[in-house]
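Q: Mind looking at a prediction? Sequence and model below.
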Amino acid sequence: METHVCVAVWAVTMAMVVASIMWAYRWSHPRANGRLPPGSFGLPLLGETLQFFAPNPTCDVSPFVKERLNRYGSIFKTSVVGRPVVVTADPELNYYVFQQEGKLFESWYPHTFTEIFGRDNVGSLHGFMYKYLKSLVLRLYGQENLRAVLLAETDRACSSSLASWAAQPSVELKDSISAMIFDLTAKKLISYEPSKSSENLRKNFVAFIRGLISFPVDIPGTAYHECMKGRRNAMKVLKKMMRERMADPARQCEDFFDVLIEELRREKPVMTEAIALDLMFVLLFASFETTSLTLTLGVRLLAENPIVLDALTEEHEAIVRGREGCDAGLTWAEYKSMTFTSQVTLEIARLANIVPGIFRKALRDIEFKGYTIPAGWGVMVCPPAVHLNPEIYEDPLAFNPWRWQDKVEITGGTKHFMAFGGGLRFCVGTDLSKVVMATFIHHLVTKYRWKTVKGGNIVRTPGLSFPDGFHVQLFPKN
Ligand code: HEM
């Protein structure tokens, strides 16, 4: 009897071992109708997730991507956060992916992203609903409203923020720029007044860039956990605000949330409450965190490159000299005349690479350059690998705004520049971001000198952060 039990246990164990080996083999060698791109899936289930998230303290392409580009070429396969993904640094494939949005590919982001931004966030919506939301956002952040309203408000915010920072012995730029942009945009979005609110709403978005594409472990201390906690708090505030506004039929349209609420009040609203809430949540975050990270790195790059700073200062001093009254605010014509500044902001965005990967899903089997991307697989367009490719940008790590001279104005993504994405989903905040950067630079270089006090180091995991902040002291120019 005992022998029978032993044999049975042995047989079951062997069957499990064989099944596991077969499963692991099948997992790492998936069937495909064609030749898969080269690359490895790493360990079963975990894939190459740990290598993908290894910290990188430079502006260069992450070691994860760099090593694989050298080994396999510009299109390779991997497995991160539980999914097979084709990573592309190939300009033609990237362009194709953007152009085929909604046809052969559609927006898809890892689980962490959708949990944090909400399952109804704009990145997960497609077709009519997506286009409708985009048109609403562009009413707020498009060129027309920037010109009519937002430029002047940004001008006042930059001028007064810098003046108040100059009165302090040292200011941490990343946080201070974040606060400045948040106060400006949250006012437009939800009439948020930091001085009148009992909630510090912005603190809920701390560690977001790190958490968005992060290892999905929901335990205290992880970036993912912090993000989820922040989401719950911010959503509580937004839901309460929505309830109060919906219950007040006499309320006038005062901000962007009211525009959505007007739509929700219709007999047959186009969107749901969940979509409206997730949109507000994404906008509150994206409006400030993206530009503040880019601008903070920009100020560091300017401090490290005095020749660029001198040329920039010259452009802005000429604008001030050409004004009639010295107290006049920045005009749209002045903003549009900032040729060198726009080259500087493109160069900052190229090196900042705050978006390490733009994710899509293949809707059917795709053939490209002899490889097959199977239906259902993820695709990660890798902007840093294009922006830092020496065959596209000479001496790619050098901060050289003059490389943009004579290039046509970039109003969408191109094969070689995709800091703001491309195709249908080209970033809706691009123009706002450029206005904020140019206006901030205008006041900074015309009125102040500055010296670094401490910090300024970066780390990419792969989202960009400043672990020790970036502390500077500002000195008013005479
Ligand atoms: C330096 C600043 C910024 C950078 C580098 C940046 C980058 C990007 C990129 C690469 C995408 C494309 C994502 C995709 O295709 O899946 C994107 C989309 C988006 N961005 Fe920005 N962004 C910036 C500023 C802003 C600002 C200020 C806003 C304010 C509203 C914003 C809101 C959005 C939204 C809502 C989307 C999603 C659009 C969609 O799915 O079609 N971004 N951004």
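A: Received, thanks. The structure displayed is predicted, hence computed values, not measured ones.
Q: which residues in the stretch 1-150 of the chain form helices?
A: Read by DSSP state H, counting those that start in this stretch, the stretch 1-150 of the chain holds these helices, from start to end of the chain: 2-28, 49-52, 63-72, 91-99, 111-117, 127-141, 143-145.
Q: ok, longest helix in this structure?
A: Ranked by number of residues, the top helix in the chain under DSSP state H is helix 273-304.
Q: in this protein, what residue is nearest the ligand?
A: When CB to the nearest ligand atom is the measure, the chain has its nearest residue to the ligand at Gly429, with 2.0 Å between them. In short, each C-beta sits where N, CA and C put it, glycine included.
Q: what about that residue, how many residues close to it?
A: In terms of burial, Gly429 registers 20 neighbours under the definition other CB atoms under 10 Å.
Q: try the one 4 residues further on
A: The burial count assigned to Ser433 is 23, neighbours taken as other CB under 10 Å.
Q: For it, give me its contacts.
A: Listed by CB atoms under 8 Å, 6 or more residues apart in numbering, the contact partners of Ser433 are Thr290, Thr291, Thr294, Phe420, Cys427.
Q: Close to the ligand: what parts of the protein are there?
A: Contacts of the chain with the ligand, taken as CB under 6 Å from any ligand atom, map to 107, 122-123, 141, 282-283, 286-287, 290-291, 294, 349, 354-355, 358, 419-421, 425, 427-429, 432-433.
Q: make it 5 Å
A: Selection of the chain residues close to the ligand by CB under 5 Å from any ligand atom yields 122-123, 286-287, 290-291, 294, 354-355, 358, 419-421, 425, 427-429, 432-433.
Q: In strands only, show me those.
A: Ile358 (DSSP state E).
Q: Show me where the stretch 101-250 of the chain dips below the pLDDT cut-off.
A: Within the stretch 101-250 of the chain, the set of residues satisfying pLDDT under 70 comprises 198, 207.
Q: what ranges do the strands span in it?
A: Using DSSP state E, counting those that start in this stretch, the strands of the stretch 101-250 of the chain run over residues 105-107, 171-172.
Q: Show me what the shortest one pairs with in its sheet, parallel or antiparallel.
A: By that I understand strand 171-172. With DSSP bridges as the test, strand 171-172 is paired with strand 470-476 (antiparallel).
Q: Find the residue closest to Lys218 in space, skipping its chain neighbours.
A: I think there's a mix-up here, since residue 218 is Asp and not Lys. Counting by CB to CB, 6 or more residues apart in numbering, the nearest residue to Asp218 once its immediate chain neighbours are dropped is His225, at 5.2 Å.
Q: and the one you found, how many residues sit next to it?
A: One way to gauge burial is a neighbour count; for His225, by other CB under 10 Å, it gives 17.
Q: picking up where we left off before, how far does the longest helix of the chain sit from its chain's centre?
A: 7 Å (CA atoms, centre = their mean, to the nearest Å).
Q: what angle sits between it and strand 470-476?
A: Angle of helix 273-304 versus strand 470-476, following axes from the mean of the first three to the mean of the last three CA atoms, to 10 degrees, is 70 degrees.
Q: Could you pull out the buried residues of helix 273-304?
A: Residues of helix 273-304 classed as buried: 273, 275-303 (neighbour count, 16 or more other CB atoms under 10 Å).
Q: can you give me the helices in the stretch 351-478 of the chain?
A: Listed in chain order, the helices found in the stretch 351-478 of the chain under DSSP H, counting those that start in this stretch are 383-387, 430-447.
Q: The longest one: which residues count as buried?
A: Think helix 430-447. Applying a neighbour-count criterion of 16+ other CB under 10 Å, one finds 430-445, 447 buried in helix 430-447.
Q: re earlier: may I see the strands of the stretch 101-250 of the chain organised as JSON lines, with mean neighbour count added?
A: Shown next, in JSON lines, are those (neighbours: other CB atoms under 10 Å):
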{"stretch": "strand 105-107", "mean neighbour count": "20"}
{"stretch": "strand 171-172", "mean neighbour count": "21"}
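Q: Which of the ones you listed sits closest to Trp10?
A: Between Trp10 and the strands of the stretch 101-250 of the chain, the shortest gap by CB to CB is with strand 105-107, which sits at 48.9 Å.
Q: Look at the nearest residue to Leu69 once chain neighbours are set aside and report its pLDDT.
A: In space, Leu69 comes closest to Ala89 once its chain neighbours are excluded; the distance is 5.8 Å by CB to CB, 6+ apart. Per-residue pLDDT puts Ala89 at 97.
Q: So Ala89 sits against His387, correct?
A: No - counting by CB atoms under 8 Å, His387 is not a contact partner of Ala89; they are 9.9 Å apart.
Q: ok, now which ones touch the residue of the chain closest to the ligand?
A: With contacts defined as CB under 8 Å, 6+ apart, the neighbours of Gly429 are Tyr141, Ala286, Ser287, Thr290, Thr291.
Q: Low-confidence ranges, the stretch 251-400 of the chain, go.
A: Residues of the stretch 251-400 of the chain that meet the criterion pLDDT under 70 lie in 326.
Q: go again using 90 as the cut-off
A: When the per-residue scores of the stretch 251-400 of the chain are filtered using pLDDT under 90, the ranges that remain are 270, 323-328.
Q: residues near the residue nearest to Arg139 when sequence neighbours are not counted, how many?
A: Nearest non-adjacent residue to Arg139, counting by CB to CB, 6+ apart: Asn145, 6.6 Å away. Neighbourhood size, Asn145 [other CB under 10 Å]: 16.
Q: What's the separation between Asn145 and Thr154?
A: Remark: distance between Asn145 and Thr154 (CB to CB, to the nearest Å) = 12 Å.
Q: Equivalent analysis for Thr341, please.
A: When distances are taken as CB to CB, Thr341 and Thr154 turn out to be 14 Å apart.
Q: go on, Trp450?
A: 20 Å.
Q: Kindly report the same for Thr446.
A: Distance of Thr446 to Thr154, computed by CB to CB: 15 Å.
Q: Now do the same contact list for the residue nearest to Leu69.
A: By CB under 8 Å, 6+ apart, the contact list for Ala89 reads Val65, Leu69, Ser74, Ile75, Cys382, Ala385, Val386, Asn389.
Q: quick one: the last one and Pro383 touch, right?
A: No - using CB under 8 Å, Asn389 and Pro383 do not qualify as a contacting pair, with a distance of 10.6 Å.
Q: what about the two, which has more around it?
A: Pro383 (24 against 16).
Q: I'd assumed Ala352 was in contact with that one.
A: No - taking CB under 8 Å as the definition, Pro383 is not a contact partner of Ala352, at 10.4 Å.
Q: Quick check: neighbours shared by these two?
A: Ala419.
Q: circling back to that earlier point, for Trp450 and Thr154, indicate the residue with more neighbours.
A: Set side by side, Trp450 and Thr154 show more neighbours around Thr154, with 25 against 19, by other CB under 10 Å.
Q: That one touches Met437, doesn't it?
A: No - contact status for Thr154 versus Met437: not in contact, 9.8 Å apart, counting by CB under 8 Å.
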